[in-house]
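> can you look at this prediction? I've put the sequence above it.
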Amino acid sequence: MQTYIVAFTIALAVAYFATPRVKDFAIKVGALDAPDDRKVHTKPIPRMGGLAIYAAFVLAVLASMYVS
């Protein structure tokens, strides 16, 4: 049970702190989804949020491998 708690906590913390940095990076490199007639949003939206989630997942898995 402790392994799951550690994995969840690490994934939560990494995703929470990495998301704003990934968002800023996406804006910097121009990875934005521009609005058009088919889209609901009215301003450009960063498209690299999956990187923060993926990093959180990988770090949680790696950390849980070492917790017994």
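It's in. Numbers count the residues shown, from 1 in each chain.
> OK, contacts around the nearest residue to residue 14 once chain neighbours are set aside?
Nearest non-adjacent residue to residue 14, counting by CB to CB, 6 or more residues apart in numbering: residue 56, 3.9 Å away. For the C-beta atoms, the positions are set from N, CA and C on the backbone; glycine is no exception. By CB atoms under 8 Å, 6 or more residues apart in numbering, the contact set of residue 56 is 10, 11, 12, 14, 15, 18.
> please state the backbone phi and psi of the residue lying farthest from the centre of the chain?
In terms of distance from the mean C-alpha position of the chain, residue 37 ranks first, at 27.6 Å (CA atoms, centre = their mean). Main-chain torsions, residue 37, degrees, to the nearest 10: phi -60, psi -30.
> try residue 46
phi -60, psi 140.
> what about the host helix or strand of residue 13, average pLDDT?
If you go by DSSP states H and E, residue 13 is part of helix 2-29. Mean per-residue pLDDT for helix 2-29: 95.
> swap in stretch 44-61?
Averaged across stretch 44-61, pLDDT comes to 94.
> which residues touch the residue nearest to the spatial centre of the chain?
In the chain, the residue lying closest to the centroid (CA atoms, centre = their mean) is residue 52, at 2.2 Å. By CB under 8 Å, 6+ apart, the contact list for residue 52 reads 14, 15, 18, 19, 21, 22.
> can you list those residues in JSON lines and add neighbour count and distance to residue 62?
JSON lines is the format used below for the contacts of residue 52 (neighbours: other CB atoms under 10 Å; distance: CB to CB, whole Å):
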{"residue": "14", "neighbour count": "19", "distance to residue 62": "11"}
{"residue": "15", "neighbour count": "19", "distance to residue 62": "15"}
{"residue": "18", "neighbour count": "19", "distance to residue 62": "15"}
{"residue": "19", "neighbour count": "18", "distance to residue 62": "19"}
{"residue": "21", "neighbour count": "11", "distance to residue 62": "20"}
{"residue": "22", "neighbour count": "20", "distance to residue 62": "19"}
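> many thanks, we can stop here.
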